[in-house]
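**Q** Any chance you could fold what I've pasted below:
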Amino acid sequence: MRLIMTETRQPFLKMHGAGNDFVVLDLRLLPLRVDAALARALADRQKGVGCDQVISLEPSERGDVFMRIHNPDGSEAQACGNGTRCVASLLFAESGRAEAVIETRAGLLPSRWTEEGLIEVDMGPAYLDWRDIPLARAMDSLSLDLSFQPDRGARLADPCAVGMGNPHAVFFVDDMDAVDIPNVGPVLEHHELFPERANIGFVQVLGRDQLRLRVWERGAGLTLACGSGACAALVASFRRGLCGRRAHLQLDGGDLTIEWREGDGHVLMSGGAATAFSGLLDDSLMGLAARSAA
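**A** Residues are numbered from 1 along each chain as shown. Predicted coordinates:
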């Protein structure tokens, strides 16, 4: 269903997928552009609405909608799996169909309802070549020449790199609770090996089909869930021989099921989506937006 403009205030939805939360703005019929300043204001958990990412729905000539994603620091993300499921649920309700195609900066992401009542998103292929991730120099993405010794806790080393439309580095740890992610995450995000920064994932293998995951997201910090990070974690774990092509991932905000399809190398993500509340943005926030002709 579309969000309807009321008076001069911009409506929004607050949604989440596995605890990864979003402010969603439907701009398909409005001459409004979300810029870095507005994204930072909306994402602020003390002075704005508060979220991990701001999602703008815009017209698309290639899909049902174009999904633009802003991080809390104002930067744009190429892909967001949990956000894609949220947008897909809106499109399903709007059209009455059980399928949708969502355009992002990472490409077209087909989505569908599953028989289990979950939303499955085809996140596209996993990129494994160092140029496509990208890395700063030629290197085997299965085992990066990177190590880091934090002030406290175990040494982190030998991550696997995966591109999911955005760059990911995945570290394997024996004890997730022993990793001080708020301390090590920012350092690794900005490591010189990642020219576009990177999402930093930490995986603890619980079984052949069970992984625990926490992710420090570039531009957002430690979140309750990261959909593209879950895809990267499954791919990295399979490449290391630690799990099969399909596994359940336990994240702080909920569970996701990820499958790395053998035939075409696409990664499928399944999970839920929920709306927490709706509202109208105050003019003091909207005054930060740059209005232009649609």
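**Q** burial measure for Pro31, as a count.
**A** 10 (other CB atoms under 10 Å). (Each C-beta comes from the backbone N, C-alpha and C, glycine too.)
**Q** next one: the helix or strand Gly201 falls within to chain centre, how far?
**A** For Gly201, the host element (DSSP states H and E) is strand 199-207. Offset of strand 199-207 from its chain centre (CA atoms, centre = their mean, to the nearest Å): 16 Å.
**Q** Equivalent analysis for stretch 239-250, please.
**A** 19 Å.
**Q** Low-confidence stretches in the stretch 1-150 of the chain?
**A** For the stretch 1-150 of the chain, applying pLDDT under 70 flags the ranges 1-8.
**Q** Mind jotting down where the helices sit in it?
**A** Secondary structure of the stretch 1-150 of the chain (DSSP state H, counting those that start in this stretch): helices at 36-43, 81-95.
**Q** So for Ile181, which of those helices sits nearest?
**A** helix 81-95 (18.2 Å; CB to CB).
**Q** buried residues in that closest one?
**A** Residues of helix 81-95 classed as buried under the neighbour-count rule (16 or more other CB atoms under 10 Å) are Gly81, Asn82, Gly83, Thr84, Arg85, Cys86, Val87, Ala88, Ser89, Leu90, Leu91, Phe92.
**Q** Can you tell me which of those is nearest Gly74?
**A** Nearest member of those to Gly74, counting by CB to CB, is Gly83, at 16.5 Å.
**Q** Quick check: the gap between that closest one and Pro31.
**A** Distance, Gly83 to Pro31, by CB to CB, to the nearest Å: 23 Å.
**Q** ends of stretch 175-184, how far apart?
**A** 15 Å (CA to CA, to the nearest Å).
**Q** ok, now stretch 142-158?
**A** One end of stretch 142-158 to the other measures 9 Å (CA to CA).
**Q** Now it: buried residues?
**A** So, applying 16+ other CB under 10 Å, buried residues of stretch 142-158: Leu144, Leu146, Gly153, Leu156.
**Q** Quickly check the residues you listed for the two that are furthest apart.
**A** Top of the distance list for the buried residues of stretch 142-158 (CB to CB): Leu144 and Gly153, 19.3 Å.
**Q** what ranges do the strands span in the stretch 51-200 of the chain?
**A** 53-58, 65-70, 76-77, 99-104, 107-113, 119-125, 147-148, 156-157, 160-163, 167-172, 199-207 (DSSP state E, counting those that start in this stretch).
**Q** Measure how the fifth one sits relative to helix 81-95, angle-wise.
**A** Between strand 107-113 and helix 81-95, the angle formed by their directions is 60 degrees, by axes from the mean of the first three to the mean of the last three CA atoms, to 10 degrees.
**Q** do the same with the fourth one
**A** Computed by the same axes, to 10 degrees, the angle separating strand 99-104 from helix 81-95 equals 130 degrees.
**Q** Count the neighbours of Leu280 for me.
**A** 15.
**Q** meant to ask about Ile181
**A** Around Ile181 there are 19 residues (other CB under 10 Å).
**Q** what's the answer for Arg40, then?
**A** So Arg40, with other CB under 10 Å, has 19 neighbours.
**Q** ok, back up a step: would you format the helices of the stretch 1-150 of the chain as a markdown table with distance to Asp209 included?
**A** Below are these laid out as a markdown table (distance: least, CB to CB, whole Å):
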| stretch | distance to Asp209 |
| --- | --- |
| helix 36-43 | 35 |
| helix 81-95 | 19 |
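**Q** For His16, which of those helices is the nearest?
**A** For the helices of the stretch 1-150 of the chain, the distance to His16 is smallest for helix 81-95, at 7.2 Å, taking CB to CB.
**Q** chain center to that closest one, what's the gap?
**A** 14 Å.
**Q** Would you confirm that Phe238 contacts Gly244?
**A** Yes. Assessed by CB atoms under 8 Å, Phe238 is found in contact with Gly244 at 6.8 Å.
**Q** quick one: which of the two has more around it?
**A** Phe238 (18 against 13).
**Q** how much space between the more buried one and Cys51?
**A** In terms of CB to CB, Phe238 sits 31 Å off from Cys51.
**Q** Geometric centre of the protein: which residue is closest?
**A** Cys80 (2.9 Å; CA atoms, centre = their mean).
**Q** Now for that residue: which residues touch it?
**A** Asn20, Phe22, Gln53, Ile55, Met67, Ile69, Thr104, Gly227, Ser228 (CB atoms under 8 Å, 6 or more residues apart in numbering).
**Q** and the two most separated of these?
**A** Farthest pair in the contacts of Cys80, by CB to CB: Asn20 and Thr104, 15.4 Å.
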